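Participant: Structure of the sequence below:
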Amino acid sequence: GIDSLAGMSFLDAGCGSGLFSLAAVRLGAERVHSFDFDDGSVGCAQELRARFAPDAAHWTVERGSVLDSTYMRSLGTFDTVYSWGVLHHTGAMDRALEQAAGVVRPGGRLFISIYNDQGPRSRIWRRVKQTYSRVPPRWRPAYVVLIMAPREALSAGFALAQREPLRYVRSWTEYKRQRGMSRWHDLVDWVGGYPFEVASPERIFNFYRERGFTLVALRTCAGGLGCNEFVFVNSATTPAD
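Facilitator: Next up is the predicted model:
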């Protein structure tokens, strides 16, 4: 709901490539801190900063874990805490949700995206992903094909039934332009995305309401596969205007 982050601080918890942090820098944030548990992601974010914001001395990138209480306390608090599609991959989602809340300053905002709880379907996907992590690396591509081939066949068959076979072809050849990664890489990312936890919108709402946060924006995936997106304000000890 704003056009600028001027004068604000921004924490990118689980920064991945650092793309959201770069956006925050370009929106004028005066302090941007990015961290990730994965060394490859940290390296990517550092490279992104070097290429596209070499003069952004106020943007720091380092390795860290949202589950590390000592590390999180060392960061202080932020006007905006942003953790998009991350906390459900930590293996301890509730603790991660708690830790993220702890670094939002009074009146600050928390942006999170969490996998939707589909009940039995989510439990099946969790087993699929857990199995992937146990498969020897050389067999993992074959496992991805085994899991995803029926879905891909259905998609191709639907395109053929509508006499639009090229639509399915384009879903592979043009996928990277829309998603930022190849379709194959995205399939591997989905099947291999473990740890994997889920939550219903009301569970996340209640979790943060009990901690003094107010929900100000919500976008759900209508009960389907995907992430529900939330924006909370830390209203527990907001100073009077």
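Participant: any idea which helix or strand carries residue 65?
Facilitator: Here residue 65, judged by DSSP states H and E, is contained in no helix and no strand.
Participant: Tally up the residues packed near it, please.
Facilitator: 17 (other C-beta atoms under 10 Å). In short, each C-beta sits where N, CA and C put it, glycine included.
Participant: change the start of the numbering to 11 and stick with it
Facilitator: Shifting the count to begin at 11 puts that one at residue 75.
Participant: Please report how far it lies from residue 229.
Facilitator: For residue 75, the distance to residue 229 equals 27 Å [C-beta to C-beta, to the nearest Å].
Participant: Check residue 121 too.
Facilitator: 11 Å.
Participant: Comparing the two, which shows the higher neighbour count?
Facilitator: Comparing residue 121 with residue 229 by other C-beta under 10 Å, the one with more neighbours is residue 121, at 20 against 12.
Participant: Let me see the ranges of the strands in this protein.
Facilitator: Taking DSSP state E, the strands of the chain run over residues 19-23, 41-46, 69-73, 88-94, 114-125, 223-229, 237-244.
Participant: Deepest-packed of those, please.
Facilitator: strand 19-23 (a mean of 26; mean count of other C-beta atoms under 10 Å).
Participant: what's next to that one, contact-wise?
Facilitator: 28, 30-31, 34, 39-45, 76, 85, 87-93, 96-97, 110, 113, 115 (C-beta atoms under 8 Å, 6 or more residues apart in numbering).
Participant: Give me the most central residue, this protein.
Facilitator: Nearest residue to the geometric centre of the chain (C-alpha atoms, centre = their mean): residue 95, 1.8 Å.
Participant: nearest residue to that residue other than its sequence neighbours?
Facilitator: Leaving aside its sequence neighbours, residue 95 sits nearest to residue 123 (C-beta to C-beta, 6 or more residues apart in numbering; 4.7 Å).
Participant: where does the chain dip in pLDDT?
Facilitator: Low-confidence segments of the chain, defined by pLDDT under 70, span residues 247-251.
Participant: Which parts of it are helices?
Facilitator: Along the chain, counting by DSSP state H, helices occupy 29-36, 49-62, 79-84, 103-111, 130-144, 150-171, 175-183, 185-189, 193-201, 211-219.
Participant: Which one of those helices lies nearest to residue 68?
Facilitator: helix 29-36 (7.8 Å; C-beta to C-beta).
Participant: can you list the residues that contact stretch 122-135?
Facilitator: 93-98, 103, 107, 110, 206-211, 213-214, 230-231, 233-240, 242.
Participant: From the chain's centroid, how far away is it?
Facilitator: 14 Å (C-alpha atoms, centre = their mean, to the nearest Å).
Participant: Could you list the buried residues of that stretch?
Facilitator: For stretch 122-135, a neighbour-count test (16 or more other C-beta atoms under 10 Å) marks 122-128, 132, 135 as buried.
Participant: Can you get me the start-to-end distance on that stretch?
Facilitator: End-to-end span of stretch 122-135 (C-alpha to C-alpha, to the nearest Å): 21 Å.
Participant: can you check stretch 98-112 too?
Facilitator: 17 Å.
Participant: ok, and the closest non-adjacent residue to residue 34?
Facilitator: Nearest residue to residue 34, sequence neighbours excluded (C-beta to C-beta, 6+ apart): residue 20, at 4.1 Å.
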